[in-house]
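# Here is my input; please provide its structure:
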Amino acid sequence: MIIILDKKDCCGCTACMNICPIHCIRMKSDDEGFLYPQISDSECINCGMCEKVCPVIKAKDFTPFNEYKQGYMFQNSNMQELKESTSGGFFSALARYVLSKDGVVFGAAFDQNFHIRHKYIESVNELHIFRNSKYVQSEIGDSYSCCQDFLKDGRLVCFSGTPCQIAGLKSFLRKHYDNLITVDMICRGVPSLKVFEKYMEYLGGIDNISKVLFRDKFYGYYSSTFSILYKDGRSKRRDVRTAPMLNFFFQDLCSRPSCYHCSFKTIDRVSDFTMFDCWHAVKYSALFDARGVTGVIVRNENIEKLMHMICVGNKSERALVDQLVNDDGFMMTACVKETRKRQEFFNDIKYMEFGDIIKKYEKNTISKILKDILKTVLIKTRLFDKVMYRRMMR
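Here you go, the predicted model:
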C-alpha cells in the first residue's frame, strides 16, 4: 500500500490509481488544490502494485540514460497552427502525423468548467484543444488505462504530458510498446487548480468566460499575454509576467510541493521527445522568423526517423543539444526554490478574496510599476516583439 508521508514525494501522476486491480484508490484534492491518492483500507488487498509503479519511488533507484540525443529547432509551416501554438507548433505537426496513421493522441485540454484534464482525440478537427500552454496540473484520470487499451489493439498512440506524467505512464505500462510515442515538455512546475479557480472567479466567473489563453500570441511570440475572452465579446490581456496568477507562479508561490524537489529534472528522460520554447532560434538560423520556434530533443534513432518525416514541409534545422539547453532549456535540469511565503500564500488563498491576495503578494515597487507600464505600452504598440527579436539575434 502506497502511503504519502511527505507531499513532495507525490507528483500526482495517478499511476497508482490506474494500476490498482480492485480500484480502491481515488485521487482526492487537498486544501491547496492538488490531487493525491487516497486508499480504502477496507478494500486494499496489499498487492503492492501501487508502490511498484510509482515513478517517484522508482526514480530513487533508477536514472535514465539516453546514449543517443539529437537537438532540433522546428517551426510549423501551417500558419494557423503556428499562431495558435505556444511556440513553434511541433506537437501539432507530430499529432497530425499520428492521426493520419489512424492513431490516437493524448494531451491536456479544458473541460466545460475550465478544469484541465487529459483526454484523447482521433480526428485532426479536435487537435486545436491541445494547443497553447496550460499552467495548471492536468488531471490524468483513466488516460493511462485507455492508452494501454489502444496500444494492445495495435493503434499508434502519441501521449504528451509533463515529465512526471510521462514517467508515470511508462511505469504503469511496465513494458515497451513500439507503437507508443511519448512527448514531454520542459516544465517549471504546475500551479494549483484552486488558485486558478479563484482567479477565474475574480475575472468574472466561468459563466461569462469563453476562452482562456495562458500564452497568447495576439501581440507576437515575444509579447505573450495571458488572455481572457468573454462571451459578450470583451477581452482582457496582460503580459504573462504581470498577470496575477502567473505572477504568483513565477514568484514560486503556488506550485505543487513535488515541483520544488522534482525527480525528473534531467536531460536524460524516458520520453521520446522533449519540447520547449526556442527563443534564440533566430540567432542560429535565418530560416526562422519571430512567430515562434520549438526546441526539440530526440532520444533514439528510430524516433529521429519519425522526426525527419514530420519535418517535411515544415521549417527545421539540427542544433547542438547543449546549445539548446543552455540558451533556452535550463529549466530542464533546474528546480525552482520553494519560497518561505508559499505556506502563507496558500493559507491566505483559503480565506482571502483574490483582489486582496493581489494587493498582498504583487511586488509593486515604483521602478517595477514604471517598467511594467513601459513594457505594456511596447507590447500594445507591437514594438516589444521587435526589441526582443533583436536581442535574441545577439
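# All the helices of the stretch 51-200 of the chain, residue numbers only.
Assigned by DSSP state H, counting those that start in this stretch, the helices in the stretch 51-200 of the chain fall at 55-59, 79-84, 90-100, 143-152, 163-173, 193-202.
# And the first one, how far out from the chain middle?
Relative to its parent chain, helix 55-59 has a centroid offset of 20 Å by CA atoms, centre = their mean, to the nearest Å.
# Could you single out the most deeply buried of the helices of the stretch 51-200 of the chain?
Among those, helix 163-173 has the highest mean neighbour count (mean count of other CB atoms under 10 Å), at a mean of 26. (Each C-beta comes from the backbone N, C-alpha and C, glycine too.)
# From the contact counts, what lies against that helix?
When contacts are defined as 3 or more CB pairs under 8 Å, 6 or more residues apart in numbering; DSSP states H and E, helix 163-173 sits against helix 15-19, helix 49-53, helix 55-59, helix 143-152, strand 157-161, strand 180-185.
# Of these, which is nearest residue 337?
For residue 337, the closest of the helices and strands packed on helix 163-173 is helix 55-59, at 19.4 Å, according to CB to CB.
# ok so, going back, how about a markdown table for the helices of the stretch 51-200 of the chain, with mean pLDDT and distance to residue 301 added?
Shown next, in a markdown table, are the helices of the stretch 51-200 of the chain (pLDDT from 0 to 100; distance: least, CB to CB, whole Å):
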| stretch | mean pLDDT | distance to residue 301 |
| --- | --- | --- |
| helix 55-59 | 93 | 25 |
| helix 79-84 | 96 | 27 |
| helix 90-100 | 98 | 17 |
| helix 143-152 | 98 | 21 |
| helix 163-173 | 97 | 19 |
| helix 193-202 | 96 | 39 |
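# Could you dump those into a markdown table and include distance to residue 186?
Shown next, in a markdown table, are those (distance: least, CB to CB, whole Å):
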| stretch | distance to residue 186 |
| --- | --- |
| helix 55-59 | 17 |
| helix 79-84 | 19 |
| helix 90-100 | 13 |
| helix 143-152 | 21 |
| helix 163-173 | 8 |
| helix 193-202 | 21 |
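# right, and those helices - which one's nearest residue 6?
helix 55-59 (10.4 Å).
# what does that closest one rub up against?
9-11, 13, 15, 51, 164, 167-168, 170-171, 258, 263-264 (CB atoms under 8 Å, 6 or more residues apart in numbering).
# Just name the closest of the residues you listed to residue 306, please.
Closest approach between the contacts of helix 55-59 and residue 306, by CB to CB: residue 170, at 17.9 Å.
# ok, and the closest non-adjacent residue to that closest one?
Excluding the flanking residues, the one nearest residue 170 by CB to CB, 6 or more residues apart in numbering is residue 270, at 4.7 Å.
# ok, now which ones touch the one you found?
So residue 270 contacts 64, 166, 167, 170, 182 (CB under 8 Å, 6+ apart).
# any idea which of those is the one closest to residue 322?
residue 64 (17.9 Å).
# about what we covered before: adding distance to residue 345 as columns, could you present the contacts of helix 55-59 in TSV?
Output for the contacts of helix 55-59, formatted as TSV (distance: CB to CB, whole Å):
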residue	distance to residue 345
9	22
10	20
11	21
13	24
15	29
51	32
164	22
167	28
168	27
170	33
171	32
258	17
263	24
264	25
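# What distance do you get for the residue lying farthest from the centre of the chain to residue 52?
Computed with CA atoms, centre = their mean, the maximum C-alpha offset from the centroid of the chain is found at residue 42, amounting to 36.1 Å. Distance, residue 42 to residue 52, by CB to CB, to the nearest Å: 22 Å.
# got the domain boundaries for the chain?
The chain breaks down into these domains under automatic domain parsing: 7-59, 70-190+255-332, 193-254+336-393.
# Tell me which residue is most central in the protein.
In the chain, the centroid-proximal residue (CA atoms, centre = their mean) is residue 162; its distance is 5.4 Å.
# Skipping its backbone neighbours, what lies nearest it in space?
residue 187 (4.8 Å).
# number of nearby residues for that neighbour?
By other CB atoms under 10 Å, 21 other residues sit near residue 187.
# unless I'm mixing things up, it is touching residue 331, no?
Yes. Using CB atoms under 8 Å, residue 187 is in contact with residue 331, at 7.1 Å.
# any low-confidence regions in the stretch 1-150 of the chain?
For the stretch 1-150 of the chain, no stretch has pLDDT under 70.
# check contacts around the nearest residue to residue 128 once chain neighbours are set aside.
Distances taken as CB to CB, 6+ apart place residue 84 nearest to residue 128, at 6.4 Å, with adjacent residues excluded. Residue 84 makes contacts with 92, 128, 131, 132, as judged by CB under 8 Å, 6+ apart.
# helix/strand/coil for residue 290?
Following DSSP: H, G, I helix; E, B strand; the rest coil, residue 290 is assigned to coil.
# pLDDT at it, what is it?
The model reports residue 290 with a pLDDT of 93.
# Test my guess that residue 81 contacts residue 90.
No. Using CB under 8 Å, residue 81 is not in contact with residue 90, being 10.0 Å away.
# In terms of distance to residue 2, which of the contacts of residue 270 ranks first?
residue 167 (15.5 Å).
# From residue 271, how far off is that closest one?
From residue 167 to residue 271 the distance is 8 Å (CB to CB).
# do residue 298 as well
Using CB to CB, residue 298 is found at 10 Å from residue 271.
# With residue 122 instead?
On the measure of CB to CB, residue 122 and residue 271 end up 22 Å apart.
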